[in-house]
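Student: Here's a sequence, model it:
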Amino acid sequence: MLNAGCGMLTDEYRYKILKLLEQDPSLSQRDLAAKLDISLGKVNYCLKALVDVGVLKISNFKDSSNKLAYMYLLTPKGLEEKAEITLRFLKHKILEYESLKREIELLRSDLRHENNKDTTSYE
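Tutor: Residues are numbered from 1 along each chain as shown. I've put the predicted structure just below:
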């Protein structure tokens, strides 16, 4: 499991960053920040953490007139990590979904119970 030493680099952010960069390796850090709704500094920190553990590789655009343009490429380790993160993230979201379903059903039950009380008190 990736431990990038970044408290903000949760499975959710790892998943989203890796997914976005796999789809478009030329996304700028500013674009990533906007898509993830986090600061540019946090994006920079998270990308550096992912590079440090070998999940991402940074390369310059060779034919770019903007020599500061980079591509963020998933390494083979990054592709494996993305698959693992996707599975963990999916399991987490399923548990969250099931919990919300139970909570909604309890609220509906409470509401039905309260409505039954209300109608009997008016008789």
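
Student: that's a helix at Ser59, yeah?
Tutor: No. Per DSSP: H, G, I helix; E, B strand; the rest coil, Ser59 lies outside any helix segment and is strand.

Student: Now it. Nearest residue, chain neighbours left out?
Tutor: Closest residue to Ser59 apart from its sequence neighbours, by C-beta to C-beta, 6 or more residues apart in numbering: Met71 at 5.2 Å. All C-beta spots, glycine's among them, are computed from the backbone N, C-alpha and C.

Student: Quick check, the one you found in contact with Ser26.
Tutor: Yes. Counting by C-beta atoms under 8 Å, Ser26 is a contact partner of Met71 at 5.4 Å.

Student: Surely Leu20 is in contact with Gln29?
Tutor: No. Here Leu20 does not reach Gln29: they are 11.4 Å apart, not a contact under C-beta under 8 Å.

Student: contacting residues for Ser59?
Tutor: 70-71, 73 (C-beta atoms under 8 Å, 6 or more residues apart in numbering).

Student: roughly how far apart are it and Lys82?
Tutor: Note on Ser59: its distance to Lys82, by C-beta to C-beta, to the nearest Å, is 18 Å.

Student: What does the pLDDT read for Tyr70?
Tutor: We have a pLDDT of 77 for Tyr70.

Student: typo on my end, it should be Leu87
Tutor: Note for Leu87: predicted pLDDT of 90.

Student: count of neighbours near it?
Tutor: Leu87: 12 surrounding residues under other C-beta atoms under 10 Å.

Student: what's it in contact with, if anything?
Tutor: Taking C-beta under 8 Å, 6+ apart, we find Leu87 in contact with no residue.
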